[in-house]
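Colleague: Give the three-dimensional model of this entry:
(chains A and B)
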Amino acid sequence: MTGELLLSALGVVGMLLFLTVTTFALVWIERKFLGHIQMRLGPMRTGYHGIMQPVADALKLLFKEDFIPGSSDRLIFWLAPLAVFVPAFLIWVSIPFTKELVIRNLDMGIFYIVAVSVVSIIGLVMAGWGSANKYALLGGARAAAQLISYELPLIMVILSVVMLSQSLDLKTIVEKQAVIPYVLLQPLGFLIFLFASLAEVGRTPFDIPQAESEVVGGPFVEYSGIRWSIFFLAEYVNTFAVGVLGALLFLGGWNWPLLPPIIWILVKSYFLVLVIFWMRATFPRLRIDQLMSLAWKVLLPLAFLNILIVGAHQFYRWPAWSLSLISLVVVLAVGYRLRWRRIAGTSRLGLSLATERRLANDRTP
Amino acid sequence: MNITIAIFFVIGIIALVGALGVVASRNVVYSALFLLLSLIMVAGLYILLYADFLAIVQILIYGGAIVIVIFFALMLTRTREMPLRLDNPKKPWAIVASLAAFALLATTTALTHWKILVTTPERVSYQVLGRTLFTQWAVPFEIASILLLVALVGAIVIARPGGRE
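Modeller: Have a look, this model is predicted:
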């Protein structure tokens, strides 16, 4: 009993260290990667190719003045970073890296992760409200709306993975993918997962709560120094969590031949994180109404369709290739439709221009 | 066993303090936060009772969704310019009513002969839960689903642009 507790405590400390180092690595990778995409070098001065830049940034943040605006609600202002940070780290308790390397594997692992990560939305709302700043309040409201909306397609698509593997246990889900990773069985599900989880962590095409040009940083306007860096840490930890969960749920986790499992899971997770950074460099920010219609009119129906397809596949015991074929056909059909609408002079979300105009007119009171 | 009882008391007292805070605090936002505290502590009680599925559902639905919706409503309807003070001249009546309700519940609890379970409760897996939910309790489940569907359709009708023509 005591030994087990001690081992768990050791695991938690190890995980905290690992996540901090990962955040430093991600910050450096993101800045270099974005730099090279935009034909510049990125940080170069601190260490070899700027490798110490995250450390320098962290030191700068630590030594900044800890400023709390006078009209803010001090208690909530103080609690908000913790309310974001704690759930972001709590989910790692049950994320397995390999068959053995997990602090505490739960038989409802993925369900636990989904439930706990929802709580961090409250932290963003608290930050927005507690700052007593109009932009922060707007940003907090946007964050709540966006995160609740994208929670639905995300949960639905995770549910379809659970239906395929017949288990909520992440280890079992990975073991079921020993031969074929689920990304090949349901490319549609993988794409929905990628977009919805991007919106969940608020990375760039979906960083509407923070949108600098509209709400000047959203819930974090009034935060600086160490408090702001807690939000920042949580954001990168969550981004990495999306990478690891994507690898576990769709890319077959740690099973692939030749290299040891821990290397494979890290390679797959970092690959997904790089895709997320790449999207940040490529796409402009969506508008808030585009964001909402993407969630409710495109992703959610597709997620339901995905569940129907998987359900029919499981019930009638169709062969595996039929599932991937149907899923691929749906992806191609949706992609073709969006492209065709775009060529025919429409908005990015595939609403026709007439619909857009009608919506715009209706909105004015 | 004693550790379990100690944990039970700690969690229970925090849950009660949270519940008291919901009604006693004069700021609506603080009330919502106290509600969150209380609900999460109730999830802790579920874990002590080996009902971990229920505990996670509690956190997901009450801790997450419900409290967020309450916050959202607060943020959209009241701003800093409007007073957030919760106070009411009918406070004595409220105290009397809640004391009466408490007395009723307390006497019922004290008078009931509870069957005391000697063995430690067994953990019910979510597979068993799911199976009973979709076989034995299929009809209530479907009725609840229809209720939620109606609520969804209603929300869409209200929110539809140009719906008031």
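Colleague: Let me see the residues that make contact with the helix or strand of chain B with the lowest mean pLDDT.
Modeller: Here the helix or strand of chain B ranked lowest by mean pLDDT, DSSP states H and E is helix B:67-77, holding a mean of 78. Here helix B:67-77 makes contact (CB atoms under 8 Å, 6 or more residues apart in numbering or on different chains) with A:118, A:121-122, A:125-126, A:128-129, A:137, A:140-141, A:144-145, A:148, B:28-29, B:32, B:35-36, B:39. Backbone N, C-alpha and C define where each C-beta goes, glycine included.
Colleague: now swap in stretch B:35-45 and tell me
Modeller: A:122, B:7-8, B:11-12, B:14-19, B:21-22, B:55-56, B:58-59, B:62-63, B:66-67, B:70.
Colleague: Only the buried members of those residues: can you turn that into a PyMOL selection?
Modeller: Those of the contacts of stretch B:35-45 that count as buried under 16 or more other CB atoms under 10 Å in any protein chain shown are selected in PyMOL with:
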select buried, (chain A and resi 122) or (chain B and resi 11+15+18+19+21+22+55+56+58+59+62+63+67+70)
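Colleague: ok, stretch A:199-216 near chain B or not?
Modeller: No - judged by CB under 8 Å from any CB of the partner chain, stretch A:199-216 stays clear of chain B, getting no closer than 12.5 Å.
Colleague: hang on, the earlier thing: report the mean confidence score over the helix or strand just after the least confident helix or strand of chain B.
Modeller: Once the chain leaves helix B:67-77, the next helix or strand it forms, by DSSP states H and E, is helix B:91-111. What helix B:91-111 shows for mean pLDDT is 89.
Colleague: so A:Tyr112 makes contact with A:Arg104?
Modeller: No - taking CB atoms under 8 Å as the definition, A:Tyr112 is not a contact partner of A:Arg104, at 9.9 Å.
Colleague: Determine the number of other residues adjacent to the residue of chain B found nearest chain A.
Modeller: Chain A sits closest to B:Gly64 of chain B, with a gap of 3.2 Å, by CB to the nearest CB. The number of residues packed around B:Gly64, counting by other CB atoms under 10 Å in any protein chain shown, is 26.
Colleague: pLDDT score for the residue nearest to it when sequence neighbours are not counted?
Modeller: In space, and not counting its chain neighbours, B:Gly64 is closest to A:Val118: 3.2 Å by CB to CB, 6 or more residues apart in numbering or on different chains. Reported pLDDT at A:Val118 in the predicted model: 85.
Colleague: So the chain: which segments form each domain?
Modeller: In the absence of a named chain, this looks at chain A. A:1-63, A:67-318, A:319-365 (automatic domain parsing).
Colleague: try again with chain B
Modeller: Domain assignment for chain B by automatic domain parsing gives B:1-79, B:124-165.
Colleague: Neighbours of the closest residue to A:Ile148 other than its chain neighbours, how many?
Modeller: Distances taken as CB to CB, 6+ apart put B:Ile68 closest to A:Ile148, at 6.2 Å, once the chain neighbours are dropped. Per other CB under 10 Å, the neighbour tally for B:Ile68 reads 24.
Colleague: So what's the residue count around whichever residue of the stretch 1-150 of chain A sits closest to chain B?
Modeller: In the stretch 1-150 of chain A, the residue that lies nearest chain B is A:Val118 (3.2 Å; CB to the nearest CB). Residues lying near A:Val118 (other CB under 10 Å) number 23.
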